[in-house]
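Novice: sequence-free structure coming up:
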C-alpha cells in the first residue's frame with residue numbers, strides 16, 4: 001500500500017508540475033485580480049505537496065507511523081488548496097462558456113493563466129490526487145499489512 005501511494009503521489013506531482021509550468025509561462029506570477037489563481041495559493045499548494053512527498057519517502061525509509069500521519073494531514077491541507085484552485089478554474093470556464101466574446105478577447109493576454117491548463121491534465125491530476133489521499137490513509141491505518 002505504501003509503495004502504491006508513492007507511485008500515485010509521484011504521478012500526481014507530475015501533473016502538478018506540468019500545470020505549474022504552464023501557469024508560470026502564461027504569466028500566472030503577475031496575476032493579482034480577484035477570481036484568478038494567485039501566486040501564494042498555487043505556490044503554497046506546490047510547496048506543501050512537495051514537502052508531503054518528501055515526508056512520505058522518509059516514512060518509507062524509516063517506517064515511522066508518526067511520519068505517515070503527518071504526511072496524511074499535510075495531504076489533507078494540500079487537497080483543500082487544490083479544491084480551492086479547481087473551484088476558481090471551473091468558475092472561470094463556466095463564465096467564459098456563458099459569455100460570447102470576440103476570439104481575440106478570449107485568447108488574449110487578459111485570459112487567466114490557469115485557463116491554459118489542458119482539461120485532461122486537470123482531470124487526471126485530480127483523480128491521481130484523490131487516489132493518493134486514499135492510499136496514504138490506508139497505509140497510515142496499516143491496511144493490508146501483516
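Specialist: Now that the structure is in, tell me what you want to look at. Predicted model, so just to flag it, every value in this text is computed and none were measured.
Novice: what's the neighbour count on the nearest residue to residue 135 once chain neighbours are set aside?
Specialist: Excluding the flanking residues, the one nearest residue 135 by Cβ to Cβ, 6 or more residues apart in numbering is residue 5, at 3.7 Å. For the C-beta atoms, the positions are set from N, CA and C on the backbone; glycine is no exception. Neighbour count of residue 5, defined by other Cβ atoms under 10 Å: 26.
Novice: buried stuff in the strand or helix carrying residue 5?
Specialist: Assigned by DSSP states H and E, residue 5 belongs to helix 2-25. Going by neighbour count (16 or more other Cβ atoms under 10 Å), the buried part of helix 2-25 is 2, 5-6, 8-9, 11-13, 15-16, 19-20, 22-23.
Novice: right, and the helix or strand after the host helix or strand of residue 43?
Specialist: Residue 43 is part of helix 39-62, with elements assigned from DSSP H and E. Sequence-wise, the next helix or strand downstream of helix 39-62 (DSSP H and E) is helix 65-98.
Novice: which helices and strands sit right next to that next one?
Specialist: With contacts defined as 3 or more Cβ pairs under 8 Å, 6 or more residues apart in numbering; DSSP states H and E, helix 65-98 has these neighbours: helix 39-62, helix 119-140.
Novice: how far out from the middle of the chain is it?
Specialist: Offset of helix 65-98 from its chain centre (Cα atoms, centre = their mean, to the nearest Å): 6 Å.
Novice: let me have the helices and strands packed on helix 65-98 in a markdown table, extended by mean neighbour count, mean pLDDT and distance to residue 30.
Specialist: What follows is these, written out as a markdown table (neighbours: other Cβ atoms under 10 Å; pLDDT from 0 to 100; distance: least, Cβ to Cβ, whole Å):
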| stretch | mean neighbour count | mean pLDDT | distance to residue 30 |
| --- | --- | --- | --- |
| helix 39-62 | 17 | 96 | 9 |
| helix 119-140 | 18 | 97 | 21 |
